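Asks: Here is a sequence together with a model predicted from it:
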Amino acid sequence: PEAVEYAPTAVGHLAVGLRVGGVAVFDAHLVRCSRGDEGEEVCVKRIPRRHQVCVLKYSPDGRFLAVASHDNNIDIFLVSAEYSRWGVCKGHKDTIKHLDWSANGQFLQSNDDSEELMHWNVEVMHKGQVEQVKRGSDLRDEKWASFNCPLTWPMEGLSKSVA
């Protein structure tokens, strides 16, 4: 596996990003090796992807799963609708390495290999594309559920060698 993420809520899912592309979502309560006690399949959902998955991140409420892959896009999946695709975040020019959700699950921030920081409002879409927040300073005071992205407003002013 290339990336692993556990759903933070009662959903109890474990998402595994694959090098060959795609995501396998498992019921974390049943995972032993590859099958449950009676031989039932514990994989809840397989999400096909053409490119290697870089990073996965569930929203704090477990509503969404963000999947970044080597196509430089972030796909957002709606967990309650059997991981149907909610929308896509497009705009990065390099491989996405880090993701963070806002505490309320409305915003996503991402860093790529070229050290670009982008923000997304997953509640607003246009033709399936998640709206990019053009002015990152608008989210400067946003509360974040995690700090996986090394290049964010709280890190402003630190040297490149620290990030």
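Replies: Looks like it came in fine.
Asks: okay, CA-based contacts and neighbour counts for the rest of this
Replies: Will do.
Asks: So A24 sits against V53, correct?
Replies: No - applying CA atoms under 8 Å as the test, A24 and V53 come out as separate, 10.9 Å apart.
Asks: quick one: G21 and V55 touch, right?
Replies: No - contact criterion CA under 8 Å: G21 and V55 do not qualify, at 11.7 Å.
Asks: any low-confidence regions in this protein?
Replies: Scanning the chain for pLDDT under 70 picks out the ranges 1, 10, 29-42, 153-163.
Asks: Determine the longest strand present in it.
Replies: In the chain, with assignment by DSSP state E, the single longest strand is strand 117-126.
Asks: packing partners for that one?
Replies: For strand 117-126, the elements it packs on are strand 84-89, strand 107-112, strand 129-133, judged by 3 or more CA pairs under 8 Å, 6 or more residues apart in numbering; DSSP states H and E.
Asks: If we use 7 Å, what do you get?
Replies: Using 3 or more CA pairs under 7 Å, 6 or more residues apart in numbering; DSSP states H and E, the elements in contact with strand 117-126 are strand 107-112, strand 129-133.
Asks: Give me the contact list for the last one.
Replies: The reference is to strand 129-133. The contact list for strand 129-133 (CA atoms under 7 Å, 6 or more residues apart in numbering) reads G87, V88, C89, H119, W120, N121, V122, V124, M125.
Asks: could you pull out the strands for this structure?
Replies: Listed in chain order, the strands of the chain (DSSP E) span 3-6, 13-17, 23-27, 43-47, 53-58, 64-69, 74-78, 84-89, 96-101, 107-112, 117-126, 129-133.
Asks: So which of those is nearest D141?
Replies: strand 107-112 (12.3 Å; CA to CA).
Asks: Sheet-wise, list the partners of the closest one with their directions.
Replies: strand 96-101 (antiparallel), strand 117-126 (antiparallel) (DSSP bridges).
Asks: circling back: so can I have TSV of the strands of the chain showing mean neighbour count and distance to A145?
Replies: Below are those laid out as TSV (neighbours: other CA atoms under 10 Å; distance: least, CA to CA, whole Å):
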stretch	mean neighbour count	distance to A145
strand 3-6	18	14
strand 13-17	24	18
strand 23-27	20	22
strand 43-47	16	25
strand 53-58	25	10
strand 64-69	26	14
strand 74-78	22	17
strand 84-89	20	19
strand 96-101	24	6
strand 107-112	23	10
strand 117-126	18	14
strand 129-133	19	18
